[in-house]
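here is my input, please return the structure:
(3 chains)
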Amino acid sequence: MTALTHVLPYLVAAWVFLAGCYGLATSRNLIHAVGCLSVCQAATYVLLLAVGYRDGATAPVFSDLAPGSRPVVDPVVQALALTDVVVGATVTALLLALVVQVAKRHGTVDPDELSELRG
Amino acid sequence: MSPRMRLWLVATGGAGLAALLVAACLDLPRFGGDRHPYGDQAVEASLSRHTANTVASVTFDQRAFDTLGEMSILFAAVLGSVVLLRQTRDEHRARPEPAAVSRPVRRYALLVLPVALLTGLYVVAHGQVSPGGGFQGGVVAATALHLLYLGADYRALERVRPIAPYEAGDALAASAYLVTGLAALLAGSAFLANTLLPYGTFNTLASAGTVPLLNAAIGMEVACAVVVLLAGFLDQAVEIVDEGEHDDGEYHDDPRQRGK
Amino acid sequence: MHHLLPLLVAVPLLGAALLAAGGRLVPRFVAQSTACAVAAGTAALAVLLLTHSSPPLTEWVGGWEPVAGHSVGIALTGDGPGLGMAALVSVLTLAALAYAWRSFDEPPHGHAGAFPALVLVFQAGMCGFATAGDLFNAFVWFELMSVVAYALTGHRVEEARAVQGALAFAVVNSLGAYALLMGIALLYARTGELALTEIGGALDAHGPPDALVLAGFVLVLTGLLVKAAAVPFQFWLPDAHAVAPTPVCMLLSGVMVELGVFGVWRVYDTVFSGPGGLPAADLARVLTVLGALTAALGAVMCWHQRHIKRLLAYSTIAHTGLFLLGIGTLTPEGDDGVALYVVGHAGVKAALFACVGILLDRYGSVDEHVLHGRARPLRSVGVMVVAGALGLAGLPPFGTALGKSVAEEAVGGPLTALYVLASAVTAAAVLRVAARVFLGLGPTPEDAGGASGADAYETTGSGEEPETRQRLSRVPDTMTAVPALLLAGALAAGAVPAFGNAVARAMSEATTAGLVHTSVHWTPVGVGLGLQSTALAVALASVAVARPGLLAVPDRTLPLRRLQSGHIGDYVAWLLLGTAVLGALALPGILSG
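You can find the predicted model right below:
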């Protein structure tokens, strides 16, 4: 059981990433596809934060904690995850803006019906 | 490609990737392990510069160059959305109609608005001592303004957020971050070095050197950026209408019926 | 001097911020000239730093110099290859801005600063990526250049194709970037480091490679190869390049795609080349297989296009394949050749896109059949297209020819033949276009009206809107001067003997600290191969123009064409398969290690 808990968070990240990829590949609606891309990105949050965790540790903020009194989790991955969140939000915004325009120009948000570019 | 064929492709590729990821997970250091060399050094470096919130120290001091890139991505997205969600030649703006709002919603929204705005500013200002900072506080402040849309109507929101000044504010906040970095370089240190201000007293507002300055710049940038981004989408939903629909006359006064 | 490295990013960003802030207040002329001045200033800075890059510069941003061998800051690497790419990016940005001065005239009206500001942010992202010495920092700049590129590609939102192409571009590249980030997280978990050289050192200290190293390698490479448009990650590129505004195409094809190749080279060299990384034979296998497939597919699809921008996009894919083959040799000669080839290719390809942009703005079409014989009056543009085609073929003394000949000798065997063939076919396609469009040679195509057969599985180049407000009656001088200068630059890269040796010295400083020195020069074999592929290109183009029926075998390439379906789900499925293939190709070394 302990062996499983030692890798479970990582496996969750892998599962979330693959689930997002599956949704993206089989999507019938572009807004849904953008959502699936965000799911893939959520996997990176899970993995980053899981990598930085330390048993029995608390948040790496010392406003109400004497330095050295308790272990703290890795602050670096938290900063990376923060960057990741901002990147994800902006990419999603741009993608949705493009979907809005696709819906207007093509009259559909079904990827199966977009046939302007091929060959 | 037929959906069936695509599914086979996804299954093959996904199985391969899954096997790879699972094998990698089994080789990872165990979850919750004690070895975090970079993290431990980052905590030390943060304390040496009197920054109680070590995440803020990593974000705005040790790895402030990453944050410059992150801020630029947001800045680029704002410019990009202005370009992508513009009013095209075949579209025109319909004047949004006043909407009826039930009284409890209106009261609640108007009551919460100043509180939310203040909370946002508080979170920005205390980034160096407690969880939060420019990114988080900026989003809170920007969404606070949008309570006006819930509590009154779109026209009330438009009165408090003319887009051009917010766009300029976004760009100026980005410049402020860059100028702070350049000032350190001109002062004889390195770009974005936290050497301009004294490190102050640990766990007070005046601590951590330039971290509060950069936090404030990011707070303003994010608040302006979120306002402009949301405005782009809200305009598309509420105001911008096809010429065709205009000629039709029928939908002219009710943009909510668009696309029906 | 090394303190100036971050300015390569900061200067264009500051320029972009000022343009965005004041863009609504100033006339277009002021915005354009400000942007050009900023791009030129950055280019000058990059060249200045380049002249001081021996020995390579290292900058710790924020002054976080390492203490006891460890730093909590971010490293920037100012070596020859990195600064060379930054200089190339900056020069090409300046060229694109100068070209857009009189040609690109798109809304939003009343915001003259928006387009130049986006181009400057694009430049900053690419310069940041080129000089990054930290894996996560590289990811941040990688994302910045991607985000700007999506917005720039979809700039003409009134075009149905533009928004569809930009969306496919954005979805595939974002997924690649998230794979890259997963890889970074895995490597961080193992090593606890983010600086490139530190990760490499920590991997070596840990022992022989295992599944974790393999997964990190595969995921990081997936992100970079999506950007480099290697098979089977390449589907987004034709869709995006065919629809992006011409000045943006110049940057996308000229440098952004090549930065993906640069990233592969950089990451392998600093992270995975040690005993704890991936055996050299595995990387060589991965790059050789993918490179060969990419070159072959790009060349075949390039030949079968009638949409001229799409044709050029496929030629970029073919050449990227050749670059991957070159660095796949893992020899100093291969690296030198590719470095020179990239420089020459950037000039030639950007010039060709600029020329096609003139056709679009003048005639409102980029379709080879529709334009048949119509561009006769544009004689100078025709000459430049032919010169560009010869540059693609590798006719001495173009920089492409020198780089290609060095790389050809490095790869050896059947791959040399692939080099000759792929460059000849892409050049022949461009020559065919030139003969038909500018000279009106050959029979008039039946579908010159623009309509293709109902069942034809292809994208025609008609129905594209000019980028200027109305069709040009006279071509502005800036639009012809820019491609002319770019071609002259590509020519000088091969003709000036000192340039090749300077590139070789910079590469050797960066990889072996100057210990292994190679010299780059014309050899009889190299010149012979260059002439051979040029002759082959001319012959192919002549046959295609004189006897169109002889080489048109659409039926046999139809399966290949059908793969390029424009469907996002298909592209994602291929990306997953590509990741699995990467893993399979690199697996043997892990098993035996």
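
all the helices of the chain, residue numbers only.
All of this refers to chain A. Using DSSP state H, the helices found in chain A span residues A:2-26, A:30-51, A:75-106.

think we crossed wires, I meant chain B
Counting by DSSP H, chain B has helices at residues B:3-27, B:37-48, B:54-57, B:64-84, B:103-125, B:134-145, B:147-151, B:154-160, B:163-186, B:211-238, B:243-248.

does chain B have contacts with stretch C:469-481?
No. Using Cβ under 8 Å from any Cβ of the partner chain, we find that stretch C:469-481 stays clear of chain B, coming within 11.2 Å at best. Quick note: C-beta positions are derived from backbone N, CA and C, even for glycine.

what count of nearby residues applies to residue 102?
Because you didn't say which chain, this covers chain A. A:V102 is flanked by 23 other residues according to other Cβ atoms under 10 Å in any protein chain shown.

let me rephrase: I mean chain C.
C:R102 has 16 neighbours, counted by other Cβ under 10 Å.

do the one 10 residues further on as well
Here the count is done by other Cβ under 10 Å, and C:A112 has 23 residues near it.

doesn't it belong to a helix?
No. Going by DSSP: H, G, I helix; E, B strand; the rest coil, the assignment for C:A112 is coil, not a helix.

what sits closest to the most centrally placed residue in chain B if chain neighbours are left out?
Centroid-nearest residue in chain B, with Cα atoms, centre = their mean: B:V222, separated by 4.3 Å. Counting by Cβ to Cβ, 6 or more residues apart in numbering or on different chains, B:V222 lies nearest to B:G138, which is 2.8 Å off, once chain neighbours are set aside.

what's near enough to touch residue 13?
Just going to use chain A. A:A13 sits next to A:43-44, A:46-47, A:50, C:182 when contact means Cβ atoms under 8 Å, 6 or more residues apart in numbering or on different chains.

to clarify, I was referring to chain C.
B:68, B:72, B:174, B:178, C:120-121, C:124 are the contacts of C:L13 under Cβ under 8 Å, 6+ apart.

got the contact list for the strand or helix carrying C:A37?
Using DSSP states H and E, C:A37 falls within helix C:28-51. With Cβ under 8 Å, 6+ apart as the test, helix C:28-51 has contacts from C:1, C:4-5, C:7-8, C:11-12, C:14-16, C:18-19, C:23, C:57, C:78, C:80, C:83-84, C:86-87, C:89-91, C:93-94, C:97-98, C:100-101, C:112-113, C:116-117, C:119-120, C:123, C:127, C:506.

how many neighbouring residues does residue 75 have?
Picked chain A for this. With other Cβ under 10 Å as criterion, A:P75 counts 27.

nope, chain B
As a burial measure, B:F75 scores 29 neighbours (other Cβ under 10 Å).

if I pick it, what's in contact with it?
Contacts of B:F75 by Cβ under 8 Å, 6+ apart are B:170-171, B:174, B:221, B:225, C:16-17, C:20, C:121.

which of these scores worst on pLDDT?
Least confident by pLDDT among the contacts of B:F75: that is C:A20, with 90.

pLDDT weak spots in chain A?
A:1 (pLDDT under 70).

number of nearby residues for the residue in it positioned nearest to chain B?
Nearest to chain B, among the residues of chain A, is A:D74, at 3.2 Å (Cβ to the nearest Cβ). Neighbourhood size, A:D74 [other Cβ under 10 Å]: 28.

does it touch A:L49 like I think?
No. Applying Cβ atoms under 8 Å, one finds A:D74 not in contact with A:L49, separated by 9.1 Å.

thinking again about what came up before, in the contacts of A:A13, find the pair that's most separated.
Spanning the widest gap among the contacts of A:A13 are A:A50 and C:M182, at 11.8 Å by Cβ to Cβ.

so between the two, which is more surrounded?
C:M182 (28 against 22).

where's that one, which helix or strand?
Applying DSSP H and E, one finds C:M182 within helix C:160-191.

and the pLDDT at the residue in the stretch 151-300 of chain C that chain B sits nearest to?
Proximity of the stretch 151-300 of chain C to chain B (Cβ to the nearest Cβ) peaks at C:A151, 2.9 Å away. With respect to pLDDT, C:A151 has a value of 93.
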